[in-house]
Every structure is written in structure tokens, then in C-alpha cells.
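Engineer: predicted structure and sequence below. I'll ask about it afterward.
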Amino acid sequence: MGTNRKNKNIKNELAYFYAVVKNMDLDNNVKQAKINKHETSIEEVSYNNFSYECEMDKLLFKSSLLGWIELIENERLHKAVKSLPIRDQIFISYIVKECKTQTELSKKYKVSQSAICQRFCKLIRILKKKI
């Protein structure tokens, strides 16, 4: 009878071990899914978008929020945008790259739509002066 109990305990321990390993795998899959949601791998960019006419740098710039700034061909405009504080570059990127509306940004920044409009107009005036 002692041998039976020992075998049963070993089976229970193995079952527990396998359950723990399975849960660890599930946790890792959830973490990896969250990471994958916000990242684009170089392999994915190069495999899916590779062509002789495109440069890898341009593809990577396009995939990031601020990357579009590096693609500005007008040198004076590029310098003007780059000279803005990073928070203003991000703000403009939401409008230019992400096509966010003033209403969407007002919710994101938790301010009124008119405040978003004023900030955007102010940034446009600053850029015009620098160009």
C-alpha cells in the first residue's frame, strides 16, 4: 500500500509540474503578444517590403511615430521640425502620420478641442517663421 501512495504522489507531482510549465508558457505567450503588438521586426519589414527601389532606413522610419520627420525632403522644413521640442514633434506626428483628428487628440491629451486647435496653429506659425 505504501508503494501505491508513493506512485500516486509522484504522478500528482508530475501533473503539477506539467501544469506549472503549461501556465508559464501561456504567460510567456501573453507577454510576447503584447511585445509583438507594439514592435515591428526588421525581418518582417525587410521580407514583406523589400524592393530594389526602397531603402531599409526609409522603411524603418515609416514604421515609427517620429520616423516621418527623417523623410522630409525640404531641408529647411526638416530642420524646423527637428528643432521643435520632442513633445511638439510627437503632437504633430499624431496629426501628420497617425491622421488623428483634433477631437481624438483632445481626448488623448484631456483638453478641449479648441486648445488642440490653438496649439496646432501655434506650431504651424513657429514652423513658418523658421522656414
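Structural biologist: Okay, I see it.
Engineer: any idea how far apart the tips of stretch 95-113 sit?
Structural biologist: One end of stretch 95-113 sits 13 Å from the other (CA to CA, to the nearest Å).
Engineer: show me what counts as buried in that stretch.
Structural biologist: Within stretch 95-113, the residues scored as buried using 16 or more other CB atoms under 10 Å are I95, K100, Q102, L105, S106. From N, CA and C alone the C-beta is placed, and that goes for glycine too.
Engineer: how about the helices in the protein?
Structural biologist: Per DSSP state H, the chain carries helices over the ranges 2-38, 42-49, 56-63, 67-70, 75-83, 86-96, 102-109, 113-130.
Engineer: which residues are in contact with the last one?
Structural biologist: Yep, that's helix 113-130 we're talking about. Residues from elsewhere that reach helix 113-130 (CB atoms under 8 Å, 6 or more residues apart in numbering): 76-77, 79-81, 83-84, 88, 91-92, 95, 102-103, 105-106, 109.
Engineer: one step back: closest to Y16 out of the buried residues of stretch 95-113?
Structural biologist: Comparing the buried residues of stretch 95-113 against Y16 with CB to CB places K100 closest, at 49.3 Å.
Engineer: next, the contact list for that closest one, please.
Structural biologist: Y94, K108.
Engineer: now it: phi and psi?
Structural biologist: In terms of degrees, to the nearest 10, the main-chain angles of K100 are phi -80, psi 140.
Engineer: over to the one 10 residues further on?
Structural biologist: K110 adopts backbone torsions of phi 60, psi 50, taken as degrees, to the nearest 10.
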